[in-house]
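Student: 3D, please:
(one chain, ligands or ions: 1)
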Amino acid sequence: MQIILFGAPGVGKGTQAKILSQKFNIKHISTGDILRDSVARKTELGLAAKEVMNRGDLVSDSLMGGLVKETLENMDYKNGFILDGFPRTIEQCNIMDSIFEELSITNPFFIILEADSNIIVSRLTQRRFCNKCETIVNLNDIPDVNTCPNCGAVNSFIERKDDNIEVVKKRLNIYQETTLPVVDYYKKKYKVAILNGTDPVERVTENIINELVTV
Ligand code: AMP
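Tutor: Presented below is the predicted three-dimensional model:
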């Protein structure tokens, strides 16, 4: 099972990818997570990407292509994988096509999650990470905005630098202008399903699974 999970920042790709990767025992490849890990470890890639990410811009296509190729080449994905956050430009589509050809990956399923931009802005600006247990929460959805509902830690929430309102607006503009054209590109090549990302998490998962089993 090879899945490309596509959609605007904050639409729920990461949440769904984690659930699906556990459910089907397939690898979750999040380019954003890999980059953030590289930034934290201060690797060459991390140093190159840090400021670009904080500004809400896209990291260069060549760096991203190299990262995805290396990740796939070094990964046992015989059960499949779920790609979250790549491709984000038409050039990345070209790069992905050649990586897939080289690795004989022939039949990926393309799932698009959609959401209204007002909902996305609200989700992202209220999103926090617990620095103790790494749970992602939305401040609107938890009873106490100072306490992690998962591990009980107090004042442990941190905000991603690129989740502040100005950067969020920029990321959404880039999504509209640069990333969305990827959809038309893939509609011509692969099976594509478009689903509502604002349904409850369990419903979105169910809808994705329904799409996957009907192919
Ligand atoms: P994400 O967690 O997917 O929202 O990604 C966080 C940030 O990482 C993005 O705003 C970009 O700066 C960078 N990034 C992640 N994936 C890509 C990609 N495929 N192309 C370019 N930049 C990316």
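Student: Might you report the residue contacts of the residue lying closest to Tyr175 once chain neighbours are set aside?
Tutor: Nearest residue to Tyr175, sequence neighbours excluded (Cβ to Cβ, 6 or more residues apart in numbering): Ala8, at 4.7 Å. Where you see a C-beta, it was placed from the backbone N, CA and C, and this is true even at glycine. Going by Cβ atoms under 8 Å, 6 or more residues apart in numbering, Ala8 touches 114-115, 117, 120, 172, 175, 179.
Student: List only buried entries from those.
Tutor: Neighbour-count burial (16 or more other Cβ atoms under 10 Å) applied to the contacts of Ala8 gives 115, 120, 172, 175, 179.
Student: Check whether the second one really touches Val11, as I assumed.
Tutor: Think Ile120. Yes: the criterion here is Cβ atoms under 8 Å, and Ile120 meets it with Val11 at 6.4 Å.
Student: and the nearest residue to Ala40 once chain neighbours are set aside, how many residues sit next to it?
Tutor: Closest residue to Ala40 apart from its sequence neighbours, by Cβ to Cβ, 6+ apart: Gly46 at 7.0 Å. For Gly46, the neighbour count with other Cβ atoms under 10 Å is 17.
Student: continuing past the helix or strand Gly46 falls within, what's the next helix or strand?
Tutor: Taking DSSP states H and E as the definition, Gly46 sits inside helix 44-55. Later in the chain than helix 44-55, the nearest helix or strand by DSSP H and E is helix 61-73.
Student: Just list what that next one packs against, helices and strands only.
Tutor: Contacts defined by 3 or more Cβ pairs under 8 Å, 6 or more residues apart in numbering; DSSP states H and E place helix 61-73 against strand 27-30, helix 31-40, helix 44-55, helix 90-102.
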